[in-house]
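Asks: Quick check, what structure comes out for this input:
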Amino acid sequence: MKKAPPIKLRPNRKQVDLKRMLFTRFMLIVAAFILWIGGISVRLVHLQINQHEALLGKARGQSLTVKNIKLMRGTIYDRNGSVLAMSVPVRTLFVNPSEIEDIPRAAREIGKAAGIDTKQLLSKLNEAKSLERNYVPIAKRVDEDNAKRINKALFDPDIKKSDEPQYAGVHWDQDQKRSYPYKTLAAPTIGIANAEDEGVAGIERSQNSILEGPVVKRIQERDRYGRVFDERVIEREPPNDVYLTIDKSAQIIAEEALAEGVANANARAGMALVLDPANGETLALANYPTFDPENIKNGSTSNQLVQAVYSPGSVFKLITYGAALEKKLFKPSDMIDAGDGTIDVAGHKFTDSHHIGRVTYAEALAHSSNVCAIKTGMRVGKSDFYSMVQKLGFGKRTGIELPAETAGIVHNPDRWHGDSLASMSIGYEIGVTPLQIATAFATIANDGIKNQPHIIKEIRDSQGNTVSVTEPNQTQVVSRETAADLRTMLRQVVLSGTGKRAQLDGYTSAGKTGTAWKFDPITKRVERSKYISSFVGFAPANDPKYVIIVVMDEPKSGARDGGSVAAPVFKEIAQQLLETANVTHDLPTSNSAATAAEDIPEINKNDVPTVKGPPVDERDKTSEPPDKTTRKRSDAPIKKDANKTDGEKSLALTNTKIRMNNGPAIWKTKPKT
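Replies: As a prediction, the model looks like this:
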């Protein structure tokens, strides 16, 4: 009997659909989970790689505070360690308007505490808040006393945070400002530094890289409550200090004597400089008028001793006679004939104010004879004269460590005309600075050895260790014999010539006077009522300790020649310096050492410019007045140099005017015939 086939049961359709549904749901859940994980992974990759730097910066910005603090600027000292310029700590009060809820109230309280107009402050804060500015300075460079007063009014002393207690968005910034303890003393030389700690004039500018304080970073980490739990400081080497060759006492003496001299002469301005001839150190540089570096309003901050260019007049006869002595053309005791007091060179008539006849060369210099100087210069010759001018440093910068020094003006001989050598022999057709003239006289005072003038004595680090010391460049310019003969001749100028008012009590002195007419840029002619009067000399005469130059711009009272207005200032400075330094007397002291007034010439006539005859009020009635026509020249006019610095001077197309960017205009006197 066959078995019946097994009966195949069909699955329940409902069960099949349920399984499929469960499986589908499971897969959907898995897919969603995979997509969720994938999305998170993509987002994490995006944040970790693409947004890493931005997010890291944001996180650090919330937890880290980085403050840039500038170290105090270096200090400027005189040669003896007296502070001439230093930085002092101050603070800047600023407001973050976004942290202030009640702006009007804050404006009232902050304005009252800081002494600021409430209405202006309210307008300022509202504008800053609308523009979402987080830094609004309210009071800059507040000293400690005023800062304490403001703190008492605005800050709660019971609230202490690591940086500074705060009141409704008010904060302090650490800052510094420059302080000049002696105010106007040597201001054009020391210079000034601006609010950004950058030197903009004087030593502050020329030595800015040495004095400027580096930036130090202070990094603070905070918790969510703003409390500092870690602080790191990235250190920097502090700036160095500058020690000048200036002697504070000598500077005070020079400035006081100069100010008195300018007042007595009713002059427009004045300059005085003291050099040590043995090493080229500048002991004092005085400018009048001057300025207060802590309260500059209007006016010039230039240092005219290195920036002013003028015709030296008769003081330049030192170079003329020096060149001749170097060629052994004469001895000081040899005779020279001034003739009738006139000399004609290339159709140009040069004159002396009075007849001196046949005299020694020493007497010719003492009486400042133009004729004798021109005869001497013509014997020297163009080439050797120009060579001596160059050797003594004219026509180029001295290299002193001050900004905007000018080179002066010396034309190449191939541009000279027929009477140029004669004019230059008595100090015209040339532009010099007071420092250049003083350096030339210092060379003669130092046995013919020229020292490069300098004002930086040494550089020291913040610990007082010497970093560098200035060693002057020395050059033998003229022989010892020439220098000795010139000192003898310059001594005669003070004993019996135009420089009698430079005689000292108990000390010998030597030097030369100079007086030059100024050039009028409007009329294009010399202005006989305006002078540049000067005296440059040294003392003691046989063993010079100091070389001093005094220049007066436009003296207006009394006799206006160099012997009358500049020599007395030289005397005052030299006398005090020698006495202060306890230099041994080389003459007997006497209360009557000063020369009697009747023995002093009323005006140094032979120092005036080389036109046909002395000034109008002194001219011999038979003298021919200057021709108003301009001499024809074979050379082209001098053009302005667009590449010159702001301290450079330029010549006008007339080839007669010397302009200065700062300070009083001083003009070269170029005679026209």
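
Asks: Grab the nearest non-local neighbour of the residue nearest in space to the middle of the chain.
Replies: The C-alpha lying nearest the average C-alpha coordinate of the chain belongs to Gly202 (C-alpha atoms, centre = their mean; 2.3 Å). Distances taken as C-beta to C-beta, 6 or more residues apart in numbering place Gly191 nearest to Gly202, at 2.1 Å, with adjacent residues excluded. In this view, the C-beta of every residue, glycine as well, is placed from N, C-alpha and C.

Asks: How much space separates the one you found from Arg91?
Replies: 25 Å (C-beta to C-beta, to the nearest Å).

Asks: Compare the two and say which one has the larger neighbour count.
Replies: Gly191 (26 against 22; other C-beta atoms under 10 Å).

Asks: so where's the stretch 251-400 of the chain uncertain?
Replies: 298-299 (pLDDT under 70).

Asks: can we see that at 80?
Replies: In the predicted model, the stretch 251-400 of the chain carries pLDDT under 80 at residues 297-299, 353.

Asks: Which parts of it are strands?
Replies: Remark: strands assigned in the stretch 251-400 of the chain by DSSP state E, counting those that start in this stretch are 269-276, 281-288, 335-337, 342-345, 348-351, 358-360.

Asks: Now render the ones you listed as JSON lines, adding mean neighbour count and distance to Asn582.
Replies: Below are those laid out as JSON lines (neighbours: other C-beta atoms under 10 Å; distance: least, C-beta to C-beta, whole Å):
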{"stretch": "strand 269-276", "mean neighbour count": "27", "distance to Asn582": "16"}
{"stretch": "strand 281-288", "mean neighbour count": "27", "distance to Asn582": "16"}
{"stretch": "strand 335-337", "mean neighbour count": "15", "distance to Asn582": "41"}
{"stretch": "strand 342-345", "mean neighbour count": "16", "distance to Asn582": "48"}
{"stretch": "strand 348-351", "mean neighbour count": "21", "distance to Asn582": "46"}
{"stretch": "strand 358-360", "mean neighbour count": "15", "distance to Asn582": "36"}
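
Asks: out of the ones you listed, nearest to Ala186?
Replies: Proximity to Ala186 (C-beta to C-beta) singles out strand 281-288 among those, at 6.4 Å.

Asks: The closest one - contacts with which helices or strands?
Replies: Contacts defined by 3 or more C-beta pairs under 8 Å, 6 or more residues apart in numbering; DSSP states H and E place strand 281-288 against helix 187-190, helix 248-265, strand 269-276, helix 304-307.

Asks: follow-up on the earlier one: torsion angles phi and psi at the residue nearest to Gly202?
Replies: The phi and psi torsions at Gly191 (degrees, to the nearest 10) take the values phi 90, psi -160.

Asks: Can you tell me how far it is from Ser534?
Replies: Gly191 is 25 Å from Ser534, by C-beta to C-beta.

Asks: same question, Val345
Replies: 25 Å.

Asks: contacting residues for the residue nearest to Gly202?
Replies: Counting by C-beta atoms under 8 Å, 6 or more residues apart in numbering, Gly191 touches 199-206, 293, 301, 403.

Asks: Lowest-confidence one in those?
Replies: Lowest pLDDT among these: Thr301, with 89.

Asks: what's the angle from the longest strand that the chain contains to helix 248-265?
Replies: Looking across the chain with DSSP state E, the single longest strand is strand 525-539. Computed with axes from the mean of the first three to the mean of the last three C-alpha atoms, to 10 degrees, the direction of strand 525-539 lies at 140 degrees from that of helix 248-265.

Asks: From the contact counts, what lies against the top helix by length along the chain?
Replies: In the chain, with assignment by DSSP state H, the single longest helix is helix 13-45. Helix 13-45 is packed against no helix or strand, with contacts defined by 3+ C-beta pairs under 8 Å, 6+ apart.

Asks: ok now it, how far from the chain's centre?
Replies: For helix 13-45, the separation from the chain centroid amounts to 82 Å (computed by C-alpha atoms, centre = their mean, to the nearest Å).

Asks: And for stretch 505-524?
Replies: 24 Å.

Asks: Give me the buried positions along that stretch.
Replies: 505-519, 521 (16 or more other C-beta atoms under 10 Å).
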